[in-house]
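Participant: Structure of the sequence below:
(one chain, ligands or ions: 1)
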Amino acid sequence: MQKLTAIILSSRDINEYDRLYIMYTLEQGLVKAVAKGVRKSTAKLAGHLEPATLSEVYVARSKGLGQITGAITLDSFEGVKNDFEKLDEVLKIFRFFARNFAEGEKDEKIFNLLCDFLKIVSGSKREKLLTLAFWWKLFDFLGQRPEVMKCVNCQKKMTEKSKKFFSVEKGRVVCGDCGLNFSGLVPINNNQIKLLRIFWGNPLAKIVKVKVEERELKGLGRIRESFERYNF
Ligand SMILES: [Zn+2]
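Facilitator: Residues are numbered from 1 along each chain as shown. Below is the predicted model:
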């Protein structure tokens with residue numbers, strides 16, 4: 001039997017009383033396992049296996065899918081579960097994990113990032129800033145940190161005054177002069193570049209205190225979405 005520290009990402013009903021769970025774990029990365037009889041009214045396990053819960057999960061494995069034999073909630077992140085908008089953003093992140101990560105590929109840094117994010121966002125009203133920071137930090141941890149200090153084309157260092165675009169395709173910033181030769185460009189401004197550097201250089205607990213305007217978040221959010229579509 002294995003003891004796993006797991007964030008429950010999603011679940012799906014199977015058979016008459018069973019449920020298949022997808023979890024992101026500290027010890028083994030993505031894990032899929034079945035809980036038998038979990039949908040019977042007498043089962044106590046289900047409450048500890050709700051999506052967006054951090055739990056200690058016991059998994060028995062012989063061959064094929066593992067079987068969940070026990071679970072204890074460590075943090076239920078009620079502030080996420082009780083807020084529709086937060087939950088929606090969190091579920092988007094969970095779907096990304098389920099789609100992009102392979103079973104058995106563990107990554108302590110990414111696990112801790114997700115854990116920190118859920119903890120902080122659960123008790124904060126700044127979910128837009130936190131979610132955006134989480135995504136850009138995640139891309140960085142996955143080896144996809146865009147270059148924002150110099151132009152990808154002419155290699156010139158960006159100055160405060162130079163016009164800047166973000167190339168979704170290259171995942172880099174392009175200067176105004178070179179911009180004419182590229183397609184798929186989105187404008188990006190100094191404040192947004194500053195914000196990206198704050199995201200990459202600081203833990204979420206610090207980022208949550210940063211002052212930022214709504215429109216900068218929106219702009220960076222749009223860039224993030226196209227960056228994700230293109231690169232993952
Ligand atoms: Zn250039």
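Participant: does E27 sit in a helix, a strand or a coil?
Facilitator: Under the three-state scheme (DSSP: H, G, I helix; E, B strand; the rest coil), E27 adopts coil.
Participant: That one reaches Q2, doesn't it?
Facilitator: Yes - judged on Cβ atoms under 8 Å, E27 makes contact with Q2 at a distance of 7.3 Å. Where C-beta positions appear, they are placed from N, C-alpha and C, glycine not excepted.
Participant: What pairs with the lengthiest strand in the chain, parallel or antiparallel?
Facilitator: Longest strand of the chain, by residue count under DSSP state E: strand 2-14. Within its sheet, strand 2-14 is paired with strand 18-25 (antiparallel), strand 54-60 (antiparallel), according to DSSP bridges.
Participant: how about the most centrally placed residue in the chain, phi and psi?
Facilitator: The geometric centre of the chain, computed from its C-alpha atoms, lies nearest to I93 (Cα atoms, centre = their mean), at 4.3 Å. According to degrees, to the nearest 10, the main-chain angles of I93 amount to phi -60, psi -40.
Participant: Does it touch L118 like I think?
Facilitator: No - in this structure, I93 is not within contact of L118 by Cβ under 8 Å, at 9.2 Å.
Participant: any residues in contact with both of those two?
Facilitator: Common neighbours of I93 and L118 (criterion: Cβ atoms under 8 Å, 6 or more residues apart in numbering): none identified.
Participant: What residues does this protein have near the ion?
Facilitator: By Cβ under 5 Å from the ion, the residues of the chain that approach the ion are 151, 153-154, 175, 178.
Participant: Tell me which of those residues fall in strands.
Facilitator: Those of the residues of the chain next to the ion lying in strands (DSSP E): C175.
Participant: Neighbour-wise, give me the winner out of the residues of the chain next to the ion.
Facilitator: When the residues of the chain next to the ion are compared by neighbour count (other Cβ atoms under 10 Å), C151 ends up highest, at 22 neighbours.
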